[in-house]
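Asks: Next input, structure requested:
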Amino acid sequence: MRRLVRPLTTPATYSRWLHLLIPTAVVSVWLFISMDTPWMPLLFAVPVGLIPTMRLAEGVQAQLLLTPDERGSPNAAIAAAPARTWADRWRTVAWLEVRLLLAIAVGFATIWLPATTVDLASASFGARLSGGWLIGGTGARWFCALLTPLPIVLMLFLVVGAGELATAAARQLLGPSSTERMTALEERAEQLLERNRMARELHDSIGHALTIAVVQAGAARAAGDPGFTDRALAVIEETGRNALDDLERVLGVLREEGIPVSGRPTLVEADRLLESARGAGAEIDAEVSGPLGRVPDPVSREGFRILQESLTNVLRHAGSVPVRVRITVVDDQLELEVANPLVGPPRGTGGGSGLRGIRERAALLGGKARTGPHEGEWLVHARLPLDRIR
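Replies: Numbering: from 1, shown residues only. Below is the predicted model of the structure:
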């Protein structure tokens, strides 16, 4: 019993009722013009539904009155967008036909059933019904009094059922098409991937800056040379400013401010990383061969981050040691190698988010990355294809 009564206490039931009664105004106007062609509104709905903006108007109205709890939600089952394809237009036409038929049924019930209640109440006092016939006898009038609330109850449950039916039809006919759902899922997946990339970039950039600052500060304190201390502070200042720029850009993307991807550093700016590592005390032997300017931007950006994380790991775990850097562009692929002598016990090849991030960056571009000890050195070797991006 409670389950039957609960819909009558829900505000959405009455907003759906209003939604179903709105088209009756159009039908009533047409019936006032011509009673001989009551089917004309259904025919007129065809060209109206083919107008692209009609789908937007119906979607907004359906969201507002049929599914008020989903209003404004990006995951709403009813879309609020103009028709983009002919399939969407014909679905809008089908929705208008369904809405008109339900409106006629609910409008008729809304008028006729309360009128029936009035007739039964009048008949219980001996009055004639609207059909002109008189219920005679005391028993008959008593029986009419018992039947008086039934038309109202029937109307309420009819309104609930019609509202549920209209909502289900709107979700099917005004909801996103399969193509729109797939596009939305792809956009959402791309956003998640972008945020994941931003998290890795934040880790690489800030981690690199902090490592440089710690190494420089420790070296300056140990050296006790004012000139060296000034140079160390200058390196810390420059590295910190670059890290702040990266931080602002990454936070801007995470806030969905639309920061362009083109603002990210690429391998063309690799000298900045190498000089920063040299300033921290590392002995960099760098060799660049091939046209870096022709490397596609996505590959160049990921290569920059791989190089940055590799140098950060050298400074963090090995300190001021000789580092061999090789960047080669040949045969439609980019090869990047960073090697340094092992200091202390070798690190695990799989631990740490930095090493995992290097392998993930390479895998996203269809390449491979290898990290770990190799012939007395710690080696990071990444191979990224160029043809898949082009």
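
Asks: quick one: the strands in the chain?
Replies: With strands called from DSSP state E, the chain shows them at 283-289, 322-330, 333-341, 368-374, 377-385.

Asks: Tabulate those in CSV, adding columns for mean pLDDT and distance to residue 230.
Replies: The C-beta positions use only the backbone N, C-alpha and C, and glycine is treated the same way. Formatted as CSV, the strands of the chain follow (pLDDT from 0 to 100; distance: least, Cβ to Cβ, whole Å):
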stretch, mean pLDDT, distance to residue 230
strand 283-289, 89, 21
strand 322-330, 91, 24
strand 333-341, 91, 27
strand 368-374, 88, 36
strand 377-385, 90, 32
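
Asks: quick one: residue 377 and residue 94, what's the gap?
Replies: 69 Å (Cβ to Cβ, to the nearest Å).

Asks: Of all the strands of the chain, which one is nearest residue 20?
Replies: If you check each of the strands of the chain against residue 20 by Cβ to Cβ, strand 377-385 wins as the nearest, at 58.6 Å.

Asks: quick one, that closest one and strand 322-330 angle?
Replies: Using axes from the mean of the first three to the mean of the last three Cα atoms, to 10 degrees, one finds that strand 377-385 and strand 322-330 are set 20 degrees apart in direction.

Asks: Give me the angle between strand 377-385 and strand 333-341.
Replies: Between the axis of strand 377-385 and that of strand 333-341 there is an angle of 170 degrees, by the same axes, to 10 degrees.

Asks: Please name every helix or strand in contact with strand 377-385.
Replies: Using 3 or more Cβ pairs under 8 Å, 6 or more residues apart in numbering; DSSP states H and E as the contact criterion, the secondary-structure elements in contact with strand 377-385 are helix 297-317, strand 333-341, helix 353-364, strand 368-374.

Asks: Pick the most buried one from these.
Replies: Neighbour counts averaged per stretch over these are highest for helix 297-317, at a mean of 24; criterion: mean count of other Cβ atoms under 10 Å.

Asks: residues in contact with residue 15?
Replies: Taking Cβ atoms under 8 Å, 6 or more residues apart in numbering, we find residue 15 in contact with 64, 65, 66, 68.

Asks: Looking at those residues, which are in helices?
Replies: By the criterion of DSSP state H, membership of the contacts of residue 15 in helices covers 64, 65.

Asks: any idea how far residue 121 is from residue 156?
Replies: Residue 156 is 17 Å from residue 121, where distance means Cβ to Cβ.

Asks: circling back: buried only: go through the contacts of residue 15 for me.
Replies: Buried positions within the contacts of residue 15, assessed by neighbour count (16 or more other Cβ atoms under 10 Å), are 64, 65, 66.

Asks: Check the first one and give its pLDDT.
Replies: Looking back up the chat, that one is residue 64. In this model, residue 64 is scored at 87, pLDDT.

Asks: Tell me which residues touch it, please.
Replies: Counting by Cβ under 8 Å, 6+ apart, residue 64 touches 15, 71.

Asks: One more pass at 10 Å, please.
Replies: 15, 18, 19, 71, 72, 78, 80 (Cβ atoms under 10 Å, 6 or more residues apart in numbering).

Asks: Narrow the residues you listed to just the buried residues.
Replies: Buried subset of those (neighbour count, 16+ other Cβ under 10 Å): 15, 19, 78, 80.

Asks: From those residues, pick the one nearest residue 289.
Replies: Among the buried ones among the contacts of residue 64, and counting by Cβ to Cβ, the member closest to residue 289 is residue 80, at 55.0 Å.

Asks: Let me see the backbone angles for the closest one.
Replies: The phi and psi torsions at residue 80 (degrees, to the nearest 10) take the values phi -120, psi 80.

Asks: Okay, domains of the chain per the record?
Replies: Using automatic domain parsing, the domain parsing of the chain gives 2-176, 182-385.

Asks: which of the ones you listed has the lowest average pLDDT?
Replies: domain 182-385 (a mean of 77).

Asks: Please give me every residue in contact with the nearest residue to residue 96 once chain neighbours are set aside.
Replies: Taking Cβ to Cβ, 6 or more residues apart in numbering as the measure, residue 96 lies nearest to residue 45, with 4.0 Å between them; neighbours along the chain are not counted. Residues near residue 45 by Cβ under 10 Å, 6+ apart: 23, 26, 54, 92, 93, 94, 95, 96, 97, 98, 99, 100.
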